[in-house]
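Participant: Fold the following, please.
(chains A and B, ligands or ions: 1)
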Amino acid sequence: MLEHESTPNTTHSKTTGLPRKRFYRARAHSNPLSDSHFPVPISPSQFDYTLHYPQLFQSSDQSDGSKKIEFADIGCGFGGLLISLSTLFPNTLMIGMELRDKVTEYVKERILALRTSNPGQYNNVSVVRTNSMKYIPNYFEKGQLTKMFFLFPDPHFKEKNHRRRVISPHLLDEYAYVLRGGGIIYTITDVEELGVWMNSCLENHPLFEALSEDELEADPVVKLLNTATEEGQKVARNDGQTFRAIYRRIAFESNGKVKARTFCARF
Amino acid sequence: MEDSIMEESEQKLETEVAPALIAIHPAQKSVSVSVGSDLRVFNLQDGTGFKLVDENGGHKDSIRAIRYSKSGHLFVSAGDDKLVKIWDTNSWRCIYSVVSEKRVTSIAISNDEMFVCFADKFGVVYVVEIGDYHCENPALVIKKAVPILSHYCSIITRLEFSPDGQHIVTADRDFKIRVTIFPKNPLDGAHEIQSFCLGHTEFVSCLAFVNSQDYAQGYLISGSGDSTVRLWDYASGSLLDTCEVGAKAELLHSNGKEEEILPAITDLYATSDGLLVAAAIQSLSGIMLLRCDLSARTLSVAKVISVPGETFIPTSIGAASSVPLLWMVMGASSLHNNNSTLLVRVRVISGFTATSSKSIEHETSILEDREVPGGESLLEILQGKLSIGGEAFSTAAEAVKTAMRNLLIKKQYSAERREVRKKGRNDKKNQIVE
Ligand SMILES: C[S@@+](CC[C@H](N)C(=O)[O-])C[C@H]1O[C@@H](n2cnc3c(N)ncnc32)[C@H](O)[C@@H]1O
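Facilitator: Numbers count the residues shown, from 1 in each chain, chains lettered A, B, ... in the order given. Here you go, the predicted model:
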């Protein structure tokens, strides 16, 4: 299925050795049914690490090296959080997922520029244009991720649009699937109504539990939520209030009892 | 944005034809056929048609899914009228009616017959508790359904319970198959995803399980618009084998551009020993048999059974687990709203079993109308008429093609529209940001 690009020269600029615009590989067959005009890997094993992390994965035969993406920033916007995380966790692979193509292009170029000006750094960060609400399982295997970020997501105020929210009871099932037991989901917003919604979705989900105050205090990532992203900085400039909901994926316990709370399926 | 696309495609579905469906009682006590809003049931035990008793007067729009429960005590029908009807197969009385918010695309009954699940046009799967229906009073009961899982904005094409009842499998119109643990109390939702079976490159149109005594848990098989049938270890989501059905059978006719799209698999049915799988294919007159080797975990084309003298492209197939007969129906709701009886064609293949002999080459045959169980009275009731003229055939064949192609074309169309819209939206957003 997977069509290999013929030579490295076609995907990498001869002068800089950096990847050209074609950042990822398309399906071997173009899919007229695909909902989208961006390529989506058929399954996580077909996600091309050599194109996203060329300094860490020189050739495709090396990509069986067990290292996989562990952090995902969903709706990463202009990528501020990823840039901060990249140096804070230099040995962890991370990716931003963004729906708007121009914004994704911007983040790509931002990462490339940082790699060029800081040799040896920012090689662990990349971005894809995708609809995270549809294609998360195409990118990550079961239990692959240790952190997922949802920073200042679009609020979708109207009740009939709540199902478009990127945190919802049903989508949490998918996030629980890609998160490892103990993995953490971070959410923050300046919209109180959305903050309450995200918190209650997580609180009511049988596969998530809230982090304690002490754990939040000890986690260096928590401090970045308000400060690292463009949206967060905007809110801070206006002295806006923010609402966090940070939860841990409870370890897999197939058919065992997980959390002693009945899940309310109304939404 | 997503909403308007869904609405748009829902409107278009109004003009979409619904394929005729067939379901066989597990002990072959009755055979059911649906076409349009018509549900026809033939009683094979006394050779007459059943009179269905429904206070609400049956379905009001195209039926999209029918099936018997594992024991055969229950039968469920559902479709475009947003109603799920649960029937008692003793009396053929509709005992429960469930109102869905959206059109229903698929249904499944849990192996213990305690729950009915159905999927709607928005990709949400609902569950209804049946409980002990004998205790209810004889009046029709309206049940409420609870959402348990969802495929975000993708139409669910099939719902299926695993042989051990531990998992519920959902296939969608993108290319996804999701395997979810079916919890003890499904009314609280089905949150734990066991796996995703990813590999199809077009919509997944049908699912079936193959299992045997040695492989009780069984494997999953799926058919798709990508013209393949795939074999999966559904516990892990690993793809075990891909059978390039369309390509192998050289089904492509060289008459124009529309055939550039490989024919879609429309339905699958596996024998109870898990060794043989029948596949109905969009442009194949007849049926294709695949051999399934559970120990080698492979799937291969065994043979094509063509129907002499007729262009018979089955829209749905089925069998009773204990009887080596494969039932097939061809037909569709009419493209234009006329009130005449909708005609379908029913055919039966004998020798639909693999255990009797290693070679199935000479074992199968297409039964003549008089050889079909229930004989001509069955055909008269299920088909709507005993003999179906050639004209009805070509109409049905055309309708089937349209129904299948709609799955492809509609989506492509809305994707383009969406791209246009998205561009407009991006420009606006960028201006705000910059
Ligand atoms: C308000 S912005 C916040 C961006 C960033 N997280 C920040 O804090 O600055 C929300 C972002 O989510 C993106 N988005 C919305 N729906 C998405 C989806 N389904 N998949 C991927 N990205 C999405 C939007 O394009 C937008 O860039």
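Participant: what's the neighbour count on residue 213?
Facilitator: Using chain A. By other Cβ atoms under 10 Å in any protein chain shown, the residues close to residue A:213 number 8. Every C-beta, even on glycine, is put in place using the N, C-alpha and C of the backbone.
Participant: meant chain B actually
Facilitator: 7.
Participant: if I've got this straight, it is in a strand?
Facilitator: No: the assignment for residue B:213 is coil, going by DSSP: H, G, I helix; E, B strand; the rest coil, so no strand is present there.
Participant: and the stretch 101-250 of chain A, which of its residues are near the ligand?
Facilitator: A:103, A:131-133, A:151-154, A:166, A:229-232 (Cβ under 6 Å from any ligand atom).
Participant: State the pair within the residues you listed that is farthest apart.
Facilitator: Greatest spatial distance in those: A:131 and A:232, 23.0 Å, computed using Cβ to Cβ.
Participant: So these two - more neighbours on which side?
Facilitator: Counted by other Cβ under 10 Å, residue A:131 and residue A:232 do not tie: residue A:232 has more neighbours, with 22 against 17.
Participant: Can you report phi and psi for that one?
Facilitator: The phi/psi pair for residue A:232 (degrees, to the nearest 10) reads phi -60, psi -40.
Participant: Can you verify my assumption that residue A:211 contacts residue A:244?
Facilitator: No: when contacts are counted by Cβ atoms under 8 Å, residue A:211 is not listed as touching residue A:244 (9.8 Å).
Participant: on that earlier part again, in a markdown table, list the residues of the stretch 101-250 of chain A next to the ligand along with distance to residue B:275.
Facilitator: Shown next, in a markdown table, are those (distance: Cβ to Cβ, whole Å):
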| residue | distance to residue B:275 |
| --- | --- |
| A:103 | 53 |
| A:131 | 41 |
| A:132 | 42 |
| A:133 | 40 |
| A:151 | 53 |
| A:152 | 55 |
| A:153 | 50 |
| A:154 | 51 |
| A:166 | 45 |
| A:229 | 57 |
| A:230 | 59 |
| A:231 | 58 |
| A:232 | 60 |
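Participant: pLDDT added to those residues, as a markdown table?
Facilitator: As requested, these are arranged in a markdown table below (pLDDT from 0 to 100):
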| residue | pLDDT |
| --- | --- |
| A:103 | 93 |
| A:131 | 92 |
| A:132 | 93 |
| A:133 | 92 |
| A:151 | 97 |
| A:152 | 96 |
| A:153 | 95 |
| A:154 | 92 |
| A:166 | 93 |
| A:229 | 90 |
| A:230 | 90 |
| A:231 | 90 |
| A:232 | 90 |
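Participant: Give me the buried subset of the residues you listed.
Facilitator: A:103, A:131, A:132, A:133, A:151, A:152, A:153, A:166, A:229, A:230, A:231, A:232 (16 or more other Cβ atoms under 10 Å in any protein chain shown).
Participant: quick one, what contacts the fifth one?
Facilitator: It stands for residue A:151. Taking Cβ atoms under 8 Å, 6 or more residues apart in numbering or on different chains, we find residue A:151 in contact with A:73, A:75, A:77, A:81, A:186, A:187, A:188, A:225, A:229, A:231, A:232.
Participant: Narrow those residues to those in helices?
Facilitator: A:81, A:225, A:231, A:232 (DSSP state H).
Participant: end to end, how far does stretch B:296-309 reach?
Facilitator: 38 Å (Cα to Cα, to the nearest Å).
Participant: no no, stretch B:112-129
Facilitator: 11 Å.
Participant: How far away from the center of its chain is the helix or strand containing residue A:234?
Facilitator: Element membership for residue A:234, per DSSP states H and E: helix A:230-237. Centroid separation between helix A:230-237 and its chain, computed with Cα atoms, centre = their mean, to the nearest Å, is 20 Å.
Participant: Which residues outside it are in contact with it?
Facilitator: Contacts for helix A:230-237 (Cβ under 8 Å, 6+ apart): A:77, A:78, A:80, A:151, A:152, A:188, A:190, A:225, A:226, A:227, A:242.
Participant: rerun at 7 Å
Facilitator: Taking contacts as Cβ atoms under 7 Å, 6 or more residues apart in numbering or on different chains, the residues outside helix A:230-237 that touch it are A:77, A:78, A:80, A:151, A:152, A:190, A:225, A:226, A:227, A:242.
Participant: show me what contacts the fifth one?
Facilitator: Pointing back at residue A:152 there. A:188, A:189, A:190, A:229, A:231, A:232.
Participant: Among these, pick out the one closest to residue B:367, please.
Facilitator: For the contacts of residue A:152, the nearest to residue B:367 is residue A:189 (64.6 Å; Cβ to Cβ).
Participant: what's the helix or strand for the closest residue to the closest one other than its chain neighbours?
Facilitator: Nearest residue to residue A:189, sequence neighbours excluded (Cβ to Cβ, 6 or more residues apart in numbering or on different chains): residue A:195, at 4.9 Å. Using DSSP H and E, residue A:195 maps to helix A:192-204.
Participant: What is that helix packed up against?
Facilitator: helix A:169-178, strand A:179-189, strand A:243-249 (3 or more Cβ pairs under 7 Å, 6 or more residues apart in numbering or on different chains; DSSP states H and E).
Participant: give me that answer again for 8 Å
Facilitator: helix A:169-178, strand A:179-189, strand A:208-210, strand A:243-249 (3 or more Cβ pairs under 8 Å, 6 or more residues apart in numbering or on different chains; DSSP states H and E).
Participant: hmm, the top helix by length along chain A in reach of chain B?
Facilitator: Ranked by number of residues, the top helix in chain A under DSSP H is helix A:101-117. Yes: on the criterion Cβ under 8 Å from any Cβ of the partner chain, helix A:101-117 is in touch with chain B at A:101, A:102.
Participant: Helices of the stretch 201-350 of chain B, residue ranges please.
Facilitator: B:245-248 (DSSP state H, counting those that start in this stretch).
Participant: Under the pLDDT cut-off, which ranges of it? List them.
Facilitator: The stretch 201-350 of chain B contains residues with pLDDT under 70 at B:248-261, B:334-340.
Participant: now, which of the ones in helices among the contacts of residue A:151 sits nearest chain B?
Facilitator: residue A:231 (10.0 Å; Cβ to the nearest Cβ).
Participant: circling back to that earlier point, identify the farthest-apart pair in the contacts of helix A:230-237.
Facilitator: Farthest apart among the contacts of helix A:230-237 - using Cβ to Cβ - are A:78 and A:242, which lie 18.0 Å from each other.
Participant: how much does the helix holding residue A:234 deviate in direction from strand A:179-189?
Facilitator: Angle, helix A:230-237 to strand A:179-189, by axes from the mean of the first three to the mean of the last three Cα atoms, to 10 degrees: 40 degrees.
Participant: Let's see helix A:230-237 as CSV, backbone CA atoms only.
Facilitator: The C-alpha trace of helix A:230-237 is given here as CSV (Å, rounded to 0.1, in the frame of the first residue of the first chain):
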residue,chain,number,x,y,z
GLU,A,230,-0.8,32.5,21.4
GLU,A,231,-4.4,32.3,22.6
GLY,A,232,-3.2,32.0,26.2
GLN,A,233,-1.0,35.1,25.9
LYS,A,234,-3.9,37.0,24.4
VAL,A,235,-6.2,36.1,27.3
ALA,A,236,-3.4,37.0,29.8
ARG,A,237,-2.9,40.4,28.2
